[in-house]
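Participant: Give me coordinates for this.
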Amino acid sequence: MDCENDLKRAMPILKQAQAALDTIKSKDIVEIRSLQNPPSAIRLTLHAVCIMMDRKVEKTPKKDNPKVQEENWWFTAQKLMNENFLD
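Facilitator: Now for the predicted structure:
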């Protein structure tokens with residue numbers, strides 16, 4: 001019973017989210033992808049998208065010590081956008 005009530009509450013939210021996704025255009029993805037230092041909300045959202053799409057984090061050289069590699073989810077997200085979201 002609780003599951004059915006939860007589903008009834010969640011469905012309108014899901015439909016609203018799907019409708020919002022339908023408004024995204026390729027130019028929007030190009031703009032986001034080109035950001036050198038995106039806002040934290042964009043980074044967090046795309047980090048989550050990478051995880052949901054089972055992407056492994058890319059490693060890139062640290063800015064302050066190029067000999068050391070660090071996880072770079074933004075780089076991973078940019079690659080994902082290049083591969084999947086452009087016409």
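Participant: longest helix of the protein?
Facilitator: helix 2-21 (DSSP state H).
Participant: after it comes which helix or strand?
Facilitator: Next helix or strand after helix 2-21 toward the C-terminus (DSSP states H and E): helix 26-33.
Participant: Return the set of buried residues in that next one.
Facilitator: Of the residues in helix 26-33, 29, 32-33 count as buried by neighbour count, 16 or more other Cβ atoms under 10 Å. Any C-beta I mention is one placed from the backbone N, CA and C, and that applies to glycine too.
Participant: try stretch 69-77
Facilitator: Using 16+ other Cβ under 10 Å as the burial criterion, the residues of stretch 69-77 that qualify are 73-74, 76-77.
Participant: Can you lay out those as a markdown table showing distance to Asn65 and secondary structure?
Facilitator: As requested, the buried residues of stretch 69-77 are exported to a markdown table (distance: Cβ to Cβ, whole Å; DSSP: H, G, I helix; E, B strand; the rest coil):
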| residue | distance to Asn65 | secondary structure |
| --- | --- | --- |
| Trp73 | 19 | helix |
| Trp74 | 18 | helix |
| Thr76 | 20 | helix |
| Ala77 | 23 | helix |
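Participant: farthest pair in these?
Facilitator: With Cβ to Cβ as the measure, no two of the buried residues of stretch 69-77 lie farther apart than Trp74 and Thr76, at 7.2 Å.
Participant: picking that back up, any chance of the buried residues of helix 26-33 in TSV, with pLDDT and distance to Lys62 too?
Facilitator: As requested, the buried residues of helix 26-33 are arranged in TSV below (pLDDT from 0 to 100; distance: Cβ to Cβ, whole Å):
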residue	pLDDT	distance to Lys62
Ile29	88	27
Ile32	92	24
Arg33	89	22
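Participant: so what sits against both of Trp74 and Thr76?
Facilitator: Listed as contacting both Trp74 and Thr76 by Cβ atoms under 8 Å, 6 or more residues apart in numbering is no residue at all.
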